[in-house]
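Enquirer: Dropping a prediction and its sequence here:
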Amino acid sequence: MPTPDAPIPVVLADDDAHITCVVAMQLEKAGYKVTVARDGEEALDATIQGRPALVITDLQMPRMSGLELALKLRQTPEVASTPVIMLTARGYLADESLLAKTNIKRILAKPFSAREVVKLAGEVIANPNSGAAAA
């Protein structure tokens with residue numbers, strides 16, 4: 001778990017400013033160091049540069065979707081093992097063969113509370129080798 005002396009870096013990607021503001025605030029209160037990205041391309045750059053412990057991304061974003069982001073992260077050696085939490089506005093039925101090509105560990109359907117995201121972040125970081133599951 002993060003501590004004030006050792007915050008855990010996280011990239012949060014969503015094109016909805018309200019969601020990023022609320023979720024980032026809760027993550028920071030819990031001791032995470034949050035880098036916000038407004039689309040998948042920004043998130044990819046932030047992840048490669050910052051090497052976070054976790055990426056939290058919306059499914060539908062401009063320029064690059066969250067799924068495309070997860071696929072690109074898995075194909076990038078420096079960040080291939082970075083776990084991902086996918087946020088989605090609709091009931092996303094994951095194609096198991098496609099998920100196997102990513103490092104998506106949890107899928108969380110909106111609406112959700114920021115506290116749920118913080119709880120999942122802690123679980124995924126504590127157990128990064130768990131398989132994908134809907135939360």
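Expert: Happy to help now that I have it. Computed from a predicted model, the values in this text were never measured in an experiment. Numbers count the residues shown, from 1 in each chain.
Enquirer: which residues are contacting stretch 71-81?
Expert: Stretch 71-81 has contacts (CB atoms under 8 Å, 6 or more residues apart in numbering) with 40, 44, 47-48, 51, 55, 64, 82, 84, 101-103, 128. Any C-beta I mention is one placed from the backbone N, CA and C, and that applies to glycine too.
Enquirer: Quick one: the strands in the chain, in order.
Expert: All strands of the chain, identified by DSSP state E, fall at 8-13, 32-37, 54-58, 84-88, 104-109, 133-134.
Enquirer: where among these is the average confidence lowest?
Expert: In terms of mean pLDDT, the lowest-scoring of the strands of the chain is strand 133-134 (a mean of 58).
Enquirer: sorry, back to before: out of the contacts of stretch 71-81, who has the most neighbours?
Expert: With neighbours set by other CB atoms under 10 Å, the maximum within the contacts of stretch 71-81 is found at Val55, which has 29 neighbours.
Enquirer: isn't it right up against Pro9?
Expert: No. Counting by CB atoms under 8 Å, Val55 stays clear of Pro9, with 10.2 Å between them.
Enquirer: So which residue is dead centre in the chain?
Expert: Residue closest to the average C-alpha location in the chain (CA atoms, centre = their mean): Ile56, at 1.4 Å.
Enquirer: so that one touches Val11, yeah?
Expert: Yes. When contacts are counted by CB under 8 Å, Ile56 is listed as touching Val11 (7.1 Å).
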